[in-house]
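Novice: have a look; sequence and predicted model below, questions after that.
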Amino acid sequence: MLAAIRSTLRFHRAPHAFLARVARESGDIGSFQLGRRQAFLVNHPDLIRAVLVDHADGFGRGYLMRRAKRLLGEGLLTSEGCAHRRQRRAIQPTLSRARIQEHAPEITEQVAVWRDRLTLGRPFDLLEEAAALTMEVIARQLFGVELGRDLDRLTRELAILTRWSPLIMLPRMELLERLPFFSRISQALDRLDVIVRSQIDAARRRGGRHIIAHLVGHGGFESDDRLRDEVVTLFMAGHDTTAASLAWTLILLARNRAVAERLRDDQSGRFADAVVRESLRLYPPAVRTGHRALRAMEIGGVSVPAGAMVFVSPYATQRDPRWFSDPDSFRPERWLDQPVPSPLTYFPFGFGRRSCVGEHFARAVLLAAVTKLTVDWRFELVGARLFAVRSFLTLKPARGTRMKPLAWD
Ligand code: HEM
C-alpha cells in the first residue's frame, strides 16, 4: 500500500525521472503501481513495437486522455476506433511533409518577425516567448490570416488552460468547477469556444487553402462541435510541445557554445537538423504515452491484466546506453556519423497509428528557429534556475527561466 502511494506520487511529480529509474532498475519491462492500477513500462524496441503496432488493437487511450475530453472534446488526440481513423484521414494531408515544405518560407518569416521583437542584451522569459512564437505560427497555419486581437485573446485563454490542465484532468473536475477558484477554467473554455467558433464561421465564408478551410470543406466532420474539438486539439497538442522543445534547444545551445558556433558556420541545414534531433532525444516534450489494456495479454513474457496501463517513454528509451553511447551528453554529431537508429529506440513523436500528425510542422518550426536565430546571435541563460525540469504533461524548463541574446564576439 505504501509502495503504491510512493510510486503514484513520484510518477505524477516527475514522470520523466520516475520512468527513467524504472527503466534502469527493471530493464526491458518494469512494473509499478499507479493508484489502484497496475502499470508497466516497456523499454525495448521489440516490446515497444508490440504495444504500439502488433497489439495496438488491444489498447485504448489512457485514463488521462479520457479525462482530457473536458478540454479537447472528441478531437484526434482523444477519439478512438473508426472515428479516430476518419479524423486522421482528414487531418493528415493538411500537415503532410509536402504541404509544410510549401509553407516553410512563411514559417521562417514569422520566426524573423519574432526575433526582431527581441532586443540584443535584454533578457526575455524563455517559455513565454517560445509559446508566443509557436502560437503565432500555428494560428497562421490553421486559420491562414493574421488574427490581430483574436490572437492575443486566444493566447491568453490557451495559457490559462495549459497552466491549469493538470487540474482539468482531475477525476470529478465537473464538481470542483462549481467552486469560485475553478470557475476560471470553465470561463477560459467558454471564451476559447467563442473565438474558435467565430474563426470556423469566417473560414466557411472565406474559403482558402489553410488547415481550417480544408477541414470545413472536408465534410467528414458532422458538426461545428467536432470542428471546434479538432481546432482546439491541434492548438493544445501543438503549441505547448513545440514551445517546450524550442526552449530546450535554445538552452542546450546556450550551454554548448561550440555547437552553437558550428551551427552559425554551417548553414547547410544538415547540422541544424542534427541539433533538433538531438534536442528531441534528450528532452522529448512528451516524456511518455500511456496505453490502457482493453483485455488481458502477454507482453515480453509478462502477463498484463485488462485495465492495466502500459507506458512507453521516449525520455527513458532515448537515454538508454544500449542504444545511444554517452546518452546524457548533447552531441548532435551523433546524427551525422551514425546510421539512424531504429524508430523504436528514438520516437519523440510516437510511433504507429497514433503517432504525431504535427511532426513535420514541429520540425519545420524548430529548424527555422534554430537556423534563423543563431546566424547573428548567441544566447546566454540568465540566473541560476538551470535544468529545473517540470514534466507533468510536457517536459519543460522551470517557469521564469530567462535568456538573453548577445552578438557573436
Ligand atoms: C516538438 C513538438 C511535438 C512533439 C514532441 C509531439 C509529440 C507527440 C506524441 C508523442 C504523440 C503521440 C501521443 C499518444 O500516442 O498519446 C503526438 C500526437 C499528436 N500530436 Fe504531436 N507533438 C509535437 C507537435 C505537434 C504539433 C505541432 C501538432 C499540430 C499542429 C501536433 C498534433 C498532434 C495530434 C493531433 C496528435 C494525436 C494523433 C493521434 O492520436 O492520431 N503535435 N504528438
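Specialist: Nice, thanks for sending it over. Residues are numbered from 1 along each chain as shown.

Novice: residue with max distance from the center of this structure?
Specialist: Distance from the C-alpha centroid of the chain, by C-alpha atoms, centre = their mean, peaks at residue 409 (34.5 Å).

Novice: where does the prediction get shaky in the stretch 51-200 of the chain?
Specialist: Applying pLDDT under 70 to the stretch 51-200 of the chain flags the ranges 145-147, 170-175, 177.

Novice: what ranges do the helices span in it?
Specialist: Ranges of helices in the stretch 51-200 of the chain, per DSSP state H, counting those that start in this stretch, are 63-67, 69-72, 81-91, 97-102, 104-117, 126-143, 149-168, 173-176, 183-206.

Novice: near the ligand, which residues of the chain are found?
Specialist: 76-77, 88, 138, 233-234, 237-238, 241-242, 245, 284-286, 289, 348-350, 354-358, 361-362 (C-beta under 6 Å from any ligand atom). (C-beta placed from N, C-alpha, C; glycine too.)

Novice: beyond the single longest helix found in the chain, next helix or strand please.
Specialist: Longest helix in the chain, counting residues (DSSP state H): helix 224-255. Downstream of helix 224-255, the next assigned helix or strand under DSSP states H and E is helix 257-265.

Novice: now the element after that next one, going C-ward?
Specialist: helix 270-282.

Novice: how far off centre is that following helix?
Specialist: In terms of C-alpha atoms, centre = their mean, to the nearest Å, the gap separating the centre of helix 270-282 from the centre of its chain is 16 Å.

Novice: for the record, mean pLDDT for that helix?
Specialist: Mean pLDDT, computed over helix 270-282, is 96.

Novice: returning to what we had before: ok and the longest helix of the chain relative to helix 104-117, angle-wise?
Specialist: 60 degrees (axes from the mean of the first three to the mean of the last three C-alpha atoms, to 10 degrees).

Novice: what's the pLDDT at whatever residue of the stretch 151-300 of the chain ends up closest to the ligand?
Specialist: Here the stretch 151-300 of the chain gets closest to the ligand at one residue, residue 238, 3.0 Å apart by C-beta to the nearest ligand atom. In this model, residue 238 is scored at 93, pLDDT.

Novice: isn't it right next to residue 138, touching?
Specialist: Yes: contact criterion C-beta atoms under 8 Å: residue 238 and residue 138 qualify, at 5.2 Å.

Novice: find the residues that touch each one of the two.
Specialist: Applying C-beta atoms under 8 Å, 6 or more residues apart in numbering, one finds that residue 238 and residue 138 are jointly contacted by residue 361.

Novice: residues near the residue of the chain found nearest the ligand, how many?
Specialist: Residue of the chain nearest the ligand, by C-beta to the nearest ligand atom: residue 358 (2.1 Å). Close neighbours of residue 358, defined as other C-beta atoms under 10 Å, add up to 22.

Novice: same check on residue 176?
Specialist: 15.

Novice: repeat for residue 295
Specialist: 12.

Novice: tell me which residues in the strand or helix carrying residue 372 are buried?
Specialist: Per DSSP H and E, residue 372 falls inside helix 359-376. For helix 359-376, burial by neighbour count (16 or more other C-beta atoms under 10 Å) applies to 359-374.

Novice: same question, stretch 289-308
Specialist: Buried, per 16+ other C-beta under 10 Å, within stretch 289-308: 289, 290, 291, 292, 293, 297, 299, 300, 304, 308.

Novice: for residue 12, find the nearest of the helices of the stretch 51-200 of the chain.
Specialist: Proximity to residue 12 (C-beta to C-beta) singles out helix 149-168 among the helices of the stretch 51-200 of the chain, at 8.5 Å.

Novice: what's that closest one in contact with?
Specialist: 67-68, 70-71, 131-132, 135-136, 139, 147, 173, 176, 182, 184-185, 188-189, 191-192, 195-196, 198-199, 235-236, 239-240, 392-393.

Novice: measure how far that helix is from the centre of its chain, please.
Specialist: 16 Å.

Novice: dump it to CSV, restricted to CA.
Specialist: Extracted C-alpha coordinates of helix 149-168, given in CSV (Å, rounded to 0.1, in the frame of the first residue of the first chain):
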residue,chain,number,x,y,z
ARG,A,149,-6.7,40.9,-31.3
ASP,A,150,-8.2,37.4,-31.5
LEU,A,151,-4.6,36.0,-31.4
ASP,A,152,-4.0,37.8,-28.1
ARG,A,153,-7.2,36.5,-26.7
LEU,A,154,-6.6,33.0,-28.0
THR,A,155,-3.1,33.1,-26.5
ARG,A,156,-4.5,34.2,-23.1
GLU,A,157,-7.1,31.5,-22.9
LEU,A,158,-4.8,28.8,-24.0
ALA,A,159,-2.1,29.9,-21.5
ILE,A,160,-4.7,29.7,-18.7
LEU,A,161,-5.9,26.2,-19.9
THR,A,162,-2.3,24.9,-20.4
ARG,A,163,-1.4,26.2,-16.9
TRP,A,164,-4.4,24.6,-15.2
SER,A,165,-4.5,21.5,-17.4
PRO,A,166,-3.3,19.2,-14.6
LEU,A,167,-6.4,20.3,-12.7
ILE,A,168,-8.7,19.8,-15.7
